[in-house]
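# Predicted model and sequence follow; I will ask about them next.
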Amino acid sequence: MKIGTNSMHYFKKGSEVVLFILISYFLFHFALFARNPLAFLGFVFVIPLCYFFLEYAFYFFVLTLPLLSDVPRLLNLAYFSPSELIFLCLLNAYLLKIIFDKEKVVFFKNSIDLAIIIFSLVLISSFLSSSITHYPFDYFYKEKVFSVLKRLLFIHNPYDYSYIFKSVFKMLEGIFCFFIATNVLAKKKILNRIYAFLLLGWGSVIILGFIQYFGGTLGHGRFAMRMFSMFNHPNLFAGYLICIFPFSIFYSMDKPFLKKMLLWILTVVSVMALILTRSKNSWIAFTLLLIFMGIYSSISFIKEGSIRSFLKIVKWKWAIVFSICLVVIFGSFYMYLSKRNVIGLLREDLNWGIPIDRKLEGRAAIWKVSLKILEDFPLWGVGIGEFNFILPKYSYGYPWNKECDYHPHNYFLQIAVEMGLVGLFAFLWILWKVVVKGFQIMKEGGDLKRLGLWFGIMGFVFTFFGDGYLWNIEMMLMFWLFIGLLFADEKGEEVAQVHRKPFDKKLLIGLSIIILLTIPFQIYQRSQLSFLPERSIGLYKEVFKEEGKEYRWGEKVVLMPLEKSGRWVQIPVKLGNPDIKEKPVKVKVFMNKRLIDHLEFNDNNWHVLKYSVENIEGAEVRLKLEASRTWNPYLTDGTLYPWDLGPAVGKIYWSS
């Protein structure tokens, strides 16, 4: 008996060490991927501070989460996420506490835990079967064992880093954030401080948003007419505001008059900021959120249930009058400072006279392509992070069309395409548990703050239908933090014991075995991706215009299939390397895998490459451009795009 007990003790200790090593391994790769020594230094020196002051480190993380997204661009640093780095340090510090301080981690503490663990298993199985499927299945077995191990250890091309590794890592970070929130923050005093820091960060980011919009001090060139504050895209700022809006309202309900008025002012100002983001998808989600909150308020007012009536608490008549006055005052102030045609901008954004099918032309095209992919890979999807790899195989007319984009602009559709219907079911299971939790809070009554969190989560979920803001790590962490705060148990460990269900544990073991056994099947299914006819690879989605030319930047290697429409093909090409005069860039030109030209560029001008295709058989020409080196505008002059750029390709013409 004693030997068995010791064995189990060492097994648990060993599993904790293995877990820590794995997370540290991911951290090390994140530091390498960030290409910035600050990431690695933060990993080494900040973790001990987080270890000794974990609670205060979490306060700092919550406060700065909305404030650091765009800092690397402003400071002209290599692109990385400071918020992600802070959280990773928190995560490793927490794991150290588990190992050395015997900090308890309670799984199955909440009803949602099983759904999240199952979703994580589907995610990991998708990841394991994605990272080795860029080659056909039979070729995988022909490779040497060392090569296969290299691929499994992520020591391969940057494409895998950029899409597969980053996609799975962001999701796992969010899930870890949930479990830390439910285990570390499960005390009333800590939760109240978290709420205060959450609102403090919200107020700060709104003020910075108006400074950015009117002063232009933080401005992106292409977002000069939109508010984005400290986020790197206006849509992300809009999604964040939707999350916080209901929480600020419910948080203010039981506060003294002055605090309540201050929060109401900030809430109205945040709605104005939401309008100035000009994010139409977020406007629709916000409208749905208001309808949802209005239905709840009406039911609460009519039934006089256990939770105090929303309309009574806020003195709704005076609140409406006060809000209208604020809108008029701030609206007049805005029109005076901006000197812009506000009505014209709104008319342009709303496009009243344009049919709905034309408004959705771009997104409808990408939705159709996504559904077509889902039809071919319904059960397990194409693999996490593989959407960008498979999109060119389904997107015809590329690169000059509206079908091409980097995500489906519908997060449910993205989950279904990458993780299949199994992954979508697991994700919807999580959201269902969130919905049930909200109705439980309504039934129990009294907890207005958690009700505000719930409405914030639901408002953010509404944005999933027209976009996918969770591609951004700050939004991913915010989403899972809100879910964690919603399920954080204020009564602590004693009540948590009730939720430990033996049935859930047995179900988890059974489902885990089934999911892991499906990995070979997933590998085989996704190996078929390599047999699909490739359309184009290596061109970024942004379309630029210069001297009447439309063009797209490419990566180091650009592969484009061209339908033969003449005897000669003319390809406008230019290089953007700032040091090209001192260090010329060499470009190889291939057609159907045959080298036909070897060029050297020593300027940044446009050059038209003209080649005969008479001797090429078939109706399609596979053009490949391979540059000797790339350049990164973000690292060079701090501009918006953190891309490694090779040749820029203009619109291709044919002649007889």
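Sure thing, it's come through. Numbers count the residues shown, from 1 in each chain.

# mind checking the backbone torsions on residue 587?
When read as degrees, to the nearest 10, the backbone of residue 587 gives phi -130, psi 130.

# For it, list the residues it contacts.
Contact partners of residue 587, counting by CB atoms under 8 Å, 6 or more residues apart in numbering, are 573, 575, 598, 599, 600, 601, 625, 626, 627, 628, 647. Every C-beta, even on glycine, is put in place using the N, C-alpha and C of the backbone.

# model confidence over the longest strand belonging to the chain, on average?
The residue-count maximum for a strand in the chain (DSSP state E) belongs to strand 549-563. What strand 549-563 shows for mean pLDDT is 82.

# Please spell out which residues along that strand are buried.
By neighbour count on 16 or more other CB atoms under 10 Å, the buried set for strand 549-563 is 551, 552, 553, 554, 555, 556, 557, 558, 559, 560, 561, 562.

# Tell me what the fourth one is bridged to.
In this entry, residue 554 is beta-bridged to residue 539, by DSSP bridges.

# my guess is it meets residue 649, correct?
Yes: counting by CB atoms under 8 Å, residue 649 is a contact partner of residue 554 at 5.8 Å.

# Common neighbours of the two, please.
In contact with both residue 554 and residue 649: 539, 625, using CB under 8 Å, 6+ apart.

# Report the strands that pair with the helix or strand following the longest strand of the chain, each with its relative direction.
Counting by DSSP states H and E, the next helix or strand C-terminal to strand 549-563 is strand 568-575. Sheet pairing of strand 568-575 (DSSP bridges) gives strand 607-612 (antiparallel), strand 647-650 (antiparallel), strand 653-655 (antiparallel).

# then strand 568-575 to CSV, C-alphas only?
Taking C-alpha atoms only, strand 568-575 is exported to CSV below (Å, rounded to 0.1, in the frame of the first residue of the first chain):
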residue,chain,number,x,y,z
TRP,A,568,2.8,36.0,-74.5
VAL,A,569,2.4,36.8,-70.8
GLN,A,570,3.4,40.1,-69.3
ILE,A,571,4.1,40.2,-65.5
PRO,A,572,4.6,43.6,-63.7
VAL,A,573,7.1,43.0,-60.9
LYS,A,574,9.0,45.2,-58.4
LEU,A,575,11.1,44.8,-55.3
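
# all helices of the stretch 501-650 of the chain, in order?
Along the stretch 501-650 of the chain, counting by DSSP state H, counting those that start in this stretch, helices occupy 502-517, 519-527, 633-637.

# Pull the number of nearby residues for residue 95.
24 (other CB atoms under 10 Å).

# how near is it to residue 277?
37 Å (CB to CB, to the nearest Å).

# among the contacts of residue 587, who's most crowded?
residue 647 (28 neighbours).

# Identify the bridge partners of it.
Counting by DSSP bridges, residue 647 is bridged to residue 575.

# Residue 571 is in contact with that one, correct?
No: the pair residue 647 / residue 571 is not scored as a contact, 9.5 Å apart, by CB under 8 Å.

# Closest one to residue 166 out of the contacts of residue 587, please.
Lowest distance from residue 166 to the contacts of residue 587 (CB to CB) belongs to residue 627, with 23.7 Å.

# Excluding covalently adjacent residues, which one is nearest to the closest one?
Spatially, and ignoring its direct neighbours in sequence, residue 627 is nearest to residue 646 (4.0 Å; CB to CB, 6 or more residues apart in numbering).

# Burial check on that neighbour, number of neighbours?
Residue 646 has 26 nearby residues by other CB under 10 Å.

# Show the contacting residues for it.
Counting by CB under 8 Å, 6+ apart, residue 646 has contacts 538, 553, 554, 555, 556, 557, 558, 575, 625, 627, 630.

# What I need now is the residues you listed written out in TSV, including distance to residue 479 for each item.
What follows is the contacts of residue 646, written out as TSV (distance: CB to CB, whole Å):
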residue	distance to residue 479
538	31
553	31
554	33
555	30
556	34
557	35
558	35
575	40
625	39
627	38
630	33
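
# need the strands for this protein, in chain order.
537-539, 544-546, 549-563, 568-575, 585-591, 594-601, 607-612, 620-627, 647-650, 653-655.

# so which of those gets nearest residue 235?
So among those, strand 544-546 is nearest, using CB to CB, at 20.5 Å.

# Now do the closest one: which elements does it pack against?
strand 549-563 (3 or more CB pairs under 8 Å, 6 or more residues apart in numbering; DSSP states H and E).

# and the strand it packs on, what other elements does it pack with?
strand 537-539, strand 544-546, strand 568-575, strand 620-627, strand 647-650.

# Perfect, that will be all.
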